[in-house]
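Visitor: sequence and computational prediction follow.
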Amino acid sequence: MQSNPDPIRFVRLPDVCRQTGLSRSQIYRLEGAGQFPRRVKLGQAASAWVESEVLRWCADRIAASRGVAA
């Protein structure tokens, strides 16, 4: 059996806020505008983001601020 080199990891809102430096309301606003990764529904009252998608979004913001393509 082959192991997955990049296992999927879900992160909850407090971690997303820490990783991005954005507030909860700003994350939801950007997500609603299609400018931030969408949440994944984990259960009836739980959702989270895919960590790799959030990190890619961060990398894209860094690249854009430096004037280079990610």
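Guide: It's in.

Visitor: stretch 39-47: end-to-end distance?
Guide: Chord length of stretch 39-47, first to last residue, is 6 Å (Cα to Cα, to the nearest Å).

Visitor: and the contacts of that stretch?
Guide: Identification of contacts with stretch 39-47 by Cβ atoms under 8 Å, 6 or more residues apart in numbering yields 10, 31, 48-50. For the C-beta atoms, the positions are set from N, CA and C on the backbone; glycine is no exception.

Visitor: let's see it at 6 Å
Guide: The set of residues external to stretch 39-47 that reach it, using Cβ atoms under 6 Å, 6 or more residues apart in numbering, is 48-49.

Visitor: which stretches of this structure form strands?
Guide: For the chain, the strands defined by DSSP state E cover 10-11, 40-41, 47-50.

Visitor: what's the mean pLDDT across stretch 46-57?
Guide: Mean per-residue pLDDT for stretch 46-57: 97.

Visitor: chain center to it: distance?
Guide: Centre-to-centre, stretch 46-57 and its host chain are 3 Å apart (Cα atoms, centre = their mean, to the nearest Å).

Visitor: returning to what we had before: wait, which of the strands of the chain is closest to Ser23?
Guide: Nearest to Ser23 among the strands of the chain is strand 47-50 (15.0 Å), distances taken as Cβ to Cβ.

Visitor: follow-up on the earlier one: which of the strands of the chain sits most buried?
Guide: The highest average neighbour count among the strands of the chain, using mean count of other Cβ atoms under 10 Å, belongs to strand 47-50 at a mean of 18.

Visitor: quick one: the nearest residue to Cys17 once chain neighbours are set aside from Val50, how far?
Guide: Nearest residue to Cys17 in three dimensions, chain neighbours excluded: Arg24, at 6.2 Å (Cβ to Cβ, 6 or more residues apart in numbering). Arg24 is 18 Å from Val50, where distance means Cβ to Cβ, to the nearest Å.
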